[in-house]
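Asks: Sharing a model that was predicted from the sequence below.
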Amino acid sequence: MFDVTEAAQQKIKEFFQGSKARPIRLSLNTAGCGRSALVLGLDEATKDDEVFDVNGFQFVANKELLSEAQPVTIDFRGAVFEITSSIKMPPGGCEGCDSAGTCG
């Protein structure tokens with residue numbers, strides 16, 4: 001299951017207003033201090049991807065990642081996109097992390 005809430009769809013529509021919409025990739029990113037997070041970015045689909053059309057916007061995700069992450073919900077709250085899934089993200093891994101998530 002892959003769901004994009006109305007709030008997220010509206011924000012994506014605003015983002016692409018006046019320009020051609022590009023595919024939006026869901027991927028797993030490892031940030032500073034060993035923290036992992038599901039993130040969104042602009043990218044083209046590959047043969048290893050599942051493609052979803054949501055009200056005229058194309059979302060792509062690696063099939064293997066998607067099989068681990070489903071169900072996936074993309075929402076927009078406050079000023080950020082929130083992505084929820086069945087993947088349990090471990091907390092940061094190094095000592096001395098500062099508030100920006102970088103190692104000291």
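Replies: Good, I have the coordinates.
Asks: what about Gln58, helix or strand, and which?
Replies: Per DSSP states H and E: Gln58 is located in strand 57-62.
Asks: Can you list the buried residues in that strand?
Replies: Buried residues in strand 57-62, defined by neighbour count with 16 or more other C-beta atoms under 10 Å: 57, 59-62. Yep, even glycine has a C-beta here, placed from its N, CA and C like the rest.
Asks: want to throw these into a markdown table with pLDDT and distance to Ser86?
Replies: Formatted as a markdown table, these follow (pLDDT from 0 to 100; distance: C-beta to C-beta, whole Å):
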| residue | pLDDT | distance to Ser86 |
| --- | --- | --- |
| Phe57 | 96 | 23 |
| Phe59 | 97 | 17 |
| Val60 | 97 | 19 |
| Ala61 | 96 | 13 |
| Asn62 | 96 | 15 |
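Asks: Let's have those in CSV, adding distance to Asp75.
Replies: CSV is the format used below for the buried residues of strand 57-62 (distance: C-beta to C-beta, whole Å):
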residue, distance to Asp75
Phe57, 15
Phe59, 14
Val60, 19
Ala61, 16
Asn62, 21
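Asks: so where's this protein shaky on pLDDT?
Replies: Applying pLDDT under 70 to the chain flags residues 31-34, 89-104.
Asks: Pull out the buried residues from the longest helix belonging to the chain.
Replies: Longest helix in the chain by number of residues, with DSSP state H as the criterion: helix 6-16. In terms of neighbour count (16+ other C-beta under 10 Å), helix 6-16 has its buried residues at 8-9, 11-12.
Asks: Among those, find me the one that's closest to Gly78.
Replies: Within the buried residues of helix 6-16, proximity to Gly78 (C-beta to C-beta) peaks at Lys11, which comes in at 10.9 Å.
Asks: residues contacting that closest one?
Replies: By C-beta atoms under 8 Å, 6 or more residues apart in numbering, the contact set of Lys11 is 76, 81.
Asks: same thing but 10 Å
Replies: Listed by C-beta atoms under 10 Å, 6 or more residues apart in numbering, the contact set of Lys11 reads 5, 74-77, 79-81.
Asks: Filter the residues you listed down to the buried ones, ChimeraX style.
Replies: This is how ChimeraX selects the buried members of these, with burial counted by 16+ other C-beta under 10 Å:
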select :74,75,76,81
